[in-house]
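Asks: Following is a predicted model, sequence given first.
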Amino acid sequence: MEKTVKVETYSGYKADEYPVRFWVDDLRIEVLEIEDRWYSPGFTYFKVFADDARHYILRRSTDDDIWIVRDLQKP
């Protein structure tokens, strides 16, 4: 299941370098570890491990800055 989410990012050397937390509805989820990241035309992907002991894929559209989350534990 994919869902549009609000994401707070770390901006160091470049803007929106990586996600640090995101919100699913009203639930705030902290990113504990960036396990992987990859790029495709128009998108940046992050596989993360969060403070709720779940793994997620966060996808950022570089064209319109929309973030989508996918919970890897749910079918």
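Replies: Looks like it arrived, so ask away.
Asks: gap between residue 30 and residue 56?
Replies: Distance from residue 30 to residue 56, counting by Cβ to Cβ, to the nearest Å: 12 Å. Every residue, glycine included, has its C-beta placed from N, CA and C.
Asks: Compare these two and say which is more crowded by neighbours.
Replies: residue 56 (22 against 13; other Cβ atoms under 10 Å).
Asks: What helices and strands are in contact with the helix or strand encompassing the more buried one?
Replies: Counting by DSSP states H and E, the element that carries residue 56 is strand 55-61. In terms of contacts (3 or more Cβ pairs under 8 Å, 6 or more residues apart in numbering; DSSP states H and E), strand 55-61 is packed against strand 2-10, strand 43-50, strand 67-71.
Asks: Export those strands to TSV and append columns for mean neighbour count and distance to residue 60.
Replies: Compiled in TSV, those are given as follows (neighbours: other Cβ atoms under 10 Å; distance: least, Cβ to Cβ, whole Å):
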stretch	mean neighbour count	distance to residue 60
strand 2-10	14	7
strand 43-50	18	5
strand 67-71	18	5
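Asks: Just put those in CSV and tack on mean pLDDT.
Replies: Output for the helices and strands packed on strand 55-61, formatted as CSV (pLDDT from 0 to 100):
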stretch, mean pLDDT
strand 2-10, 95
strand 43-50, 97
strand 67-71, 96
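Asks: between the ones you listed, which one is nearest to residue 21?
Replies: Residue 21 lies closest to strand 2-10 among those, at 4.9 Å (Cβ to Cβ).
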